[in-house]
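Q: Sharing a model prediction with you, sequence too.
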Amino acid sequence: MHGLLGHSDQFLFNNHENGSLALYLANEGFDVWLGNTRGSISGERHVQLDRSSHSFWNFSNHEMGVYDLPALVDYILEKTGNKNLQYVGYSQGVRIFLIMASMRPEYQQKISLASVIGPSGFLENLDSWWLKPLGLWTQPILRFCTYINIHVLPPELLNMGHTTVFFCQNILTSELCFKIYKSMVGDSGEITSDSLSLLAKYTYHVPTKQLSHYGQTIVSGHFRPWDYGPSGNVEAYGQETPPDYDIENVTVPLAVYYSLGDAFANYKVEIYWIWHRKNKFIQKIQILPKYTGKLWGYFYK
């Protein structure tokens, strides 16, 4: 599963000699299924709700982990006739996997191995000068966008793909594009101008409430469901603060890939809970120094 602002086609990038992750796994004999989260460019249809309604966009990572990912797992197992599958999640894809494993523990037996790339659950001690302050503003931004009936950021009027490609390929702004990219995701030592332009082309919008859920995590330092405020939380959870996801009881075997240069997956925090789990569940932990472009080869060598 892809990350924030992402889409499954990012697993098909093929601008390195080893090919894309999805094609590499297919060539190795795996039956590869690519999923998309709700609100992504391929997840904007509903059997009852209209895309322009507020109800359509009233979701966060919680709903993806509790409802969407389990449904995807069941669909694949039904179609293939298998009893379990191997899961690969990148950034947000790790986040919703942990939510599913916590809130729907019966699905842990359906995952034989989870390869988690750039885990971003807690978002504490972010290695980025702007992400922490941005977290403080996501709630006001959500309220304002809801008031003016904007449900995704950047607004679709800007045509995210075309705008970013032009910005990153233009000789006058390409260097600034590199600096913005590094400030957002970290210091990536192997991203070239071509691969950054390709990444920009396939970067999409993000639903405002989904982004705001990230902001709540950044501010609180807790990996937990949506915070409705004290009274709303009492109604939803029976207590004034949302309960933390119980990831201590995740027993799915893990292969963990993270980078010292990843601004979102701070290894001192995100990996902490892994080291304090029973060793028998850890199949592999691989550090990728100063490299955050994990979808474009190398990490699966």
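A: All right, it came through fine.

Q: going forward, measure contacts and count neighbours with C-alpha atoms only.
A: Will do.

Q: Is residue 116 located within a helix, as I assumed?
A: No - assigned with DSSP: H, G, I helix; E, B strand; the rest coil, residue 116 falls outside any helix and is strand.

Q: distance between the ends of stretch 37-46?
A: Using Cα to Cα, to the nearest Å, one end of stretch 37-46 lies 13 Å from the other.

Q: which residues touch that stretch?
A: 1-2, 5-7, 36, 51, 56-57, 64, 68, 204-207 (Cα atoms under 8 Å, 6 or more residues apart in numbering).

Q: Can you say which two of these are spatially most distant?
A: Between all members of the contacts of stretch 37-46, the longest pairwise span (Cα to Cα) is found for 1 and 51 and amounts to 22.5 Å.

Q: okay, those two: which has more neighbours?
A: Here residue 1 and residue 51 are set side by side on neighbour count (other Cα atoms under 10 Å), and the busier one is residue 1, at 25 against 14.

Q: dump the residue contacts of the more buried one.
A: Under the contact definition (Cα under 8 Å, 6+ apart), the residues listed for residue 1 are 8, 34-37, 88-90, 92-94.

Q: could you flag which of these are buried?
A: Listed as buried from those are 8, 35-37, 88-90, 92-94; burial here means 16 or more other Cα atoms under 10 Å.

Q: Between those, which sits nearest residue 233?
A: For those, the nearest to residue 233 is residue 92 (23.8 Å; Cα to Cα).

Q: Go ahead and confirm that closest one touches residue 2.
A: Yes - contact between residue 92 and residue 2 holds when scored by Cα atoms under 8 Å: they sit 6.7 Å apart.

Q: tell me the helices in the stretch 51-200 of the chain, going along the chain?
A: Using DSSP state H, counting those that start in this stretch, the helices assigned to the stretch 51-200 of the chain run over residues 61-63, 69-80, 92-103, 131-147, 160-169, 174-185, 193-201.

Q: what's the first one packed up against?
A: Here helix 61-63 touches helix 92-103, going by 3 or more Cα pairs under 8 Å, 6 or more residues apart in numbering; DSSP states H and E.

Q: send the alpha carbons of the helix it packs on over as CSV?
A: Extracted in CSV, the C-alpha atoms of helix 92-103 (Å, rounded to 0.1, in the frame of the first residue of the first chain):
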residue,chain,number,x,y,z
GLN,A,92,1.0,5.6,5.4
GLY,A,93,0.7,2.0,4.2
VAL,A,94,2.5,1.0,7.4
ARG,A,95,0.3,3.2,9.4
ILE,A,96,-3.0,1.7,8.2
PHE,A,97,-1.5,-1.8,8.6
LEU,A,98,-0.7,-1.2,12.3
ILE,A,99,-4.3,0.2,12.7
MET,A,100,-5.7,-3.0,11.2
ALA,A,101,-3.5,-5.3,13.3
SER,A,102,-4.5,-3.3,16.4
MET,A,103,-8.2,-2.9,15.9
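
Q: how big is the angle separating it from helix 69-80?
A: Relative orientation of helix 92-103 and helix 69-80, computed by axes from the mean of the first three to the mean of the last three Cα atoms, to 10 degrees: 90 degrees.

Q: and for helix 92-103, what are the contacting residues?
A: Outside of helix 92-103, the residues that reach it under the criterion Cα under 8 Å, 6+ apart are 1-4, 61-62, 64-66, 69-70, 88-89, 107-108, 116-121, 245-247, 249-250.

Q: how about a cut-off of 6 Å?
A: Helix 92-103 is touched from outside by 1-4, 65-66, 108, 116, 119, 121, 245-247, with contacts defined as Cα atoms under 6 Å, 6 or more residues apart in numbering.

Q: Stretch 76-87 too?
A: Where contact means Cα under 6 Å, 6+ apart, the residues beyond stretch 76-87 that reach it are 110-114.

Q: Would you show me how to pick out the buried ones of the residues you listed in ChimeraX?
A: In ChimeraX, selecting the buried portion of the contacts of stretch 76-87, with burial taken from 16+ other Cα under 10 Å, looks like this:
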select :110,111,113,114
